[in-house]
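Peer 1: I'll drop the sequence and a predicted model, then ask my questions.
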Protein chains: 2
Amino acid sequence: MSKNLINSVAIIGGTHGNEFTGSYLAQYWIKNPKVVQRDTFETKVIFSNEKAFYEVRRYIDRDLNRACTLSNLHNDELISHEDEVAKKLDAIIGPKGQDDLNTDFVVDLHTTTSNMGLSLVISQDNELTWMAASYLSQHFSDLKIYRWQGDEEGGFVDSFGSSGFAIEVGAVPQGVLRADLFMQTKELVHTLLDFFESYNQGMVEINRDITIYEHVALVDYPRDDKGNLTAMVHSERQDMDFKEISMGDPMFITFDGKTIVYEDSMALYGVFINEAAYYEKGFALCLAKKVIYSF
Amino acid sequence: MSKNLINSVAIIGGTHGNEFTGSYLAQYWIKNPKVVQRDTFETKVIFSNEKAFYEVRRYIDRDLNRACTLSNLHNDELISHEDEVAKKLDAIIGPKGQDDLNTDFVVDLHTTTSNMGLSLVISQDNELTWMAASYLSQHFSDLKIYRWQGDEEGGFVDSFGSSGFAIEVGAVPQGVLRADLFMQTKELVHTLLDFFESYNQGMVEINRDITIYEHVALVDYPRDDKGNLTAMVHSERQDMDFKEISMGDPMFITFDGKTIVYEDSMALYGVFINEAAYYEKGFALCLAKKVIYSF
């Protein structure tokens, strides 16, 4: 770790405007700041993409959670709504690329239409990130940890921190609050803050071997030569996030009912199965391997 | 009934661009027209709001499924995208208000983020509509029938027909295909077409007493004086569509965890509970009474 103590933490909600849990939680904490204050560090809460929230859209011009690469932030020609939001975030919780100056830990709140339950998406590989994940695993037995190595991970909002991750909670439709998952997300963040407090007080014991789902590949929907879908996620695959997929298991079903199976001999685990926002990105699910990760 | 035989049926999909089941089914049937052809009547399939589908939005300018009132159709000053679509629909399956000329039956395909299962939303009160609903009830034991008397029912797309209804299927997130509900919707429409065929051949026997959920009231989310939500649908109410709500039952929960209960002495049934598209319309659920309706 670059620092001995955690001084500054940022909680970001509303990065995707139609993922209401984070949008409403950020607004709730901004109105009730004491809930997220702790004695030994500063907590900033940021409602990041307010305009997209009011339009109930993931984004106005481009995906904010892919827009935060260092080169984008330094490119003055990028002036779309989300490029401007990214630069504002950099001013508040950055500057990115300068670990001595920026925020120690950024947690960015998301929901997914996939049945991911409570999960963390980790794209930073450093000790504090893994310690925080491990601590939360100890307190939330159903929590899943997905080590993302998909598209443009360097552009994620949580990459503004020296450490950090995204929380993904589902299944929740876009534009909907589900009370159960809202309350669980809130509790997860409060526990994360408790971890930082214990960490600063030197009172934290961490299991350094944790079970994670490590990214292997992206799988697109079957499409025709114009890019139109020709099949959907099979109903036996739907909602089966973090379950094993073996050769011969149903993956997709065509509109007239023909099943398409998994043909690889290596059994893997499905993650982000049938997430609404990924139709346009070109993947129907991610495949991951389940491993014990030691840090 | 104004006609003895059914001559023309229209199946509409994609009225709301982010309700993928109908959008994809319409495209599937347009490519595979034989599937929906029957001997005794003509079937038109219309992919109604293609532009909204490609933008994965409910609508571009306004809700098409509220835009089809007779006065709107005759108002040349209305030139928004959905007003133009409504007028095109009127030219293809109307003209509305002239029962001798327009389509005999219009079925409009929708999905909902509420846990409505397979359901019909009926806003037309005529014998053929009820007969079709009753026939489908006989073939789909889980099918629910909701007699809508909410907002602007005269503006629905299915109102272009002399008879007709909307099919609502859920829970499905916006922008997502769920294979199970896609296949059930397809089967429901095919069975509806079989009904028209049997009806024209004089071979149909109908139960004239059917169980329906009759609209009573709309209930909004708790909001502050600026219109912002202060609570969410309670997790004990979530997904409980078509279940009874009695005095004292949890309805909402505030962001800090206080439960708000149902306070009316008349037990009613919840419908369209926590539907994403109705946050902006100002209702969290509909209340209905369960009755045997005889026609």
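Peer 2: Now that the structure is in, tell me what you want to look at. Note that the coordinates shown come from a computational prediction; the quantities given were computed from them, not determined experimentally.
Peer 1: now A:Glu84: how far from chain B?
Peer 2: According to C-beta to the nearest C-beta, to the nearest Å, A:Glu84 and chain B sit 22 Å apart. No exception for glycine: its C-beta is placed from N, CA and C like everyone else's.
Peer 1: What are the boundaries of the helices in the stretch 1-150 of chain A?
Peer 2: A:20-31, A:50-54, A:70-73, A:81-93, A:127-139 (DSSP state H, counting those that start in this stretch).
Peer 1: you'd agree A:Ser246 is up against A:Asp264?
Peer 2: No: A:Ser246 sits out of contact with A:Asp264 when judged by C-beta atoms under 8 Å, with a separation of 9.0 Å.
Peer 1: Format the helices of the stretch 1-150 of chain A as a markdown table; extra columns: mean pLDDT and mean neighbour count.
Peer 2: Supplementary listing: those in a markdown table, determined by pLDDT from 0 to 100; neighbours: other C-beta atoms under 10 Å in any protein chain shown:
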| stretch | mean pLDDT | mean neighbour count |
| --- | --- | --- |
| helix A:20-31 | 98 | 22 |
| helix A:50-54 | 97 | 18 |
| helix A:70-73 | 93 | 16 |
| helix A:81-93 | 97 | 19 |
| helix A:127-139 | 97 | 20 |
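Peer 1: can I get the ones you listed in JSON lines with distance to B:Asn102?
Peer 2: Converted to JSON lines, the helices of the stretch 1-150 of chain A look like this (distance: least, C-beta to C-beta, whole Å):
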{"stretch": "helix A:20-31", "distance to B:Asn102": "40"}
{"stretch": "helix A:50-54", "distance to B:Asn102": "39"}
{"stretch": "helix A:70-73", "distance to B:Asn102": "54"}
{"stretch": "helix A:81-93", "distance to B:Asn102": "44"}
{"stretch": "helix A:127-139", "distance to B:Asn102": "60"}
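Peer 1: To A:Lys281, which of these lies closest?
Peer 2: helix A:81-93 (15.2 Å; C-beta to C-beta).
Peer 1: other SSEs contacting that closest one?
Peer 2: Applying 3 or more C-beta pairs under 8 Å, 6 or more residues apart in numbering or on different chains; DSSP states H and E, one finds that helix A:81-93 contacts strand A:8-13, strand A:42-47, helix A:70-73.
Peer 1: circling back: so which of the helices of the stretch 1-150 of chain A is nearest B:Phe255?
Peer 2: helix A:20-31 (4.6 Å).
Peer 1: May I have the closest one as PDB, with CA atoms only?
Peer 2: Written as PDB, here are the backbone C-alpha positions of helix A:20-31 (Å, rounded to 0.1, in the frame of the first residue of the first chain):
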ATOM      1  CA  PHE A  20     -31.800   3.600  -9.100                       C
ATOM      2  CA  THR A  21     -30.300   1.900  -6.000                       C
ATOM      3  CA  GLY A  22     -27.100   3.900  -6.200                       C
ATOM      4  CA  SER A  23     -28.800   7.000  -7.300                       C
ATOM      5  CA  TYR A  24     -31.200   7.000  -4.400                       C
ATOM      6  CA  LEU A  25     -28.600   5.900  -1.900                       C
ATOM      7  CA  ALA A  26     -26.300   8.700  -2.900                       C
ATOM      8  CA  GLN A  27     -29.100  11.200  -2.500                       C
ATOM      9  CA  TYR A  28     -30.000   9.700   0.900                       C
ATOM     10  CA  TRP A  29     -26.500   9.900   2.200                       C
ATOM     11  CA  ILE A  30     -26.000  13.400   0.900                       C
ATOM     12  CA  LYS A  31     -29.100  14.400   3.000                       C
END
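Peer 1: Need the residues that contact it.
Peer 2: Helix A:20-31 is contacted from outside by A:11-17, A:35-36, A:45-48, A:53, A:108-111, A:169, A:172, A:175-178, A:181-182, A:185-186, A:189, B:228-229, B:232, B:255-256, using C-beta atoms under 8 Å, 6 or more residues apart in numbering or on different chains.
Peer 1: before we move on, the earlier item: can you say which of the helices and strands packed on helix A:81-93 is packed in most?
Peer 2: Mean neighbour count, computed with mean count of other C-beta atoms under 10 Å in any protein chain shown, is highest for strand A:8-13 among those, reaching a mean of 25.
Peer 1: Off-centre distance for that strand?
Peer 2: Taking C-alpha atoms, centre = their mean, to the nearest Å, one finds strand A:8-13 lying 14 Å from the centre of the chain it belongs to.
Peer 1: Next, the angle helix A:81-93 makes with that strand.
Peer 2: Put simply, strand A:8-13 runs at 150 degrees to helix A:81-93, going by axes from the mean of the first three to the mean of the last three C-alpha atoms, to 10 degrees.
Peer 1: near chain B, anything from strand A:8-13?
Peer 2: No: Strand A:8-13 does not reach chain B (C-beta under 8 Å from any C-beta of the partner chain); its nearest approach is 12.2 Å.
Peer 1: Which other helices and strands does that strand contact?
Peer 2: For strand A:8-13, the packing partners by 3+ C-beta pairs under 8 Å, 6+ apart are helix A:20-31, strand A:42-47, helix A:81-93, strand A:105-111, helix A:179-200.
Peer 1: do that again at 6 Å, thanks
Peer 2: helix A:20-31, strand A:42-47, strand A:105-111 (3 or more C-beta pairs under 6 Å, 6 or more residues apart in numbering or on different chains; DSSP states H and E).
Peer 1: now the longest one against strand A:105-111, angle please.
Peer 2: With the same axes, to 10 degrees defining the directions, helix A:20-31 sits at 130 degrees from strand A:105-111.
Peer 1: Just the pLDDT for A:Gln98.
Peer 2: pLDDT for A:Gln98: 86.
Peer 1: residues near A:Pro250, how many?
Peer 2: By other C-beta atoms under 10 Å in any protein chain shown, 17 other residues sit near A:Pro250.
Peer 1: tally of neighbours for the nearest residue to A:Leu177 once chain neighbours are set aside?
Peer 2: Closest residue to A:Leu177 apart from its sequence neighbours, by C-beta to C-beta, 6 or more residues apart in numbering or on different chains: B:Met232 at 4.3 Å. By other C-beta under 10 Å, 26 other residues sit near B:Met232.
Peer 1: For chain A, what lies in contact range of chain B?
Peer 2: A:28, A:113, A:173-177, A:179-180, A:232, A:234-235, A:253, A:255, A:276 (C-beta under 6 Å from any C-beta of the partner chain).
Peer 1: Identify the farthest-apart pair in those.
Peer 2: Farthest pair in the residues of chain A next to chain B, by C-beta to C-beta: A:Tyr28 and A:Phe255, 42.0 Å.
Peer 1: Sketch out the low-pLDDT regions of the stretch 151-295 of chain A for me.
Peer 2: A:151-153 (pLDDT under 70).
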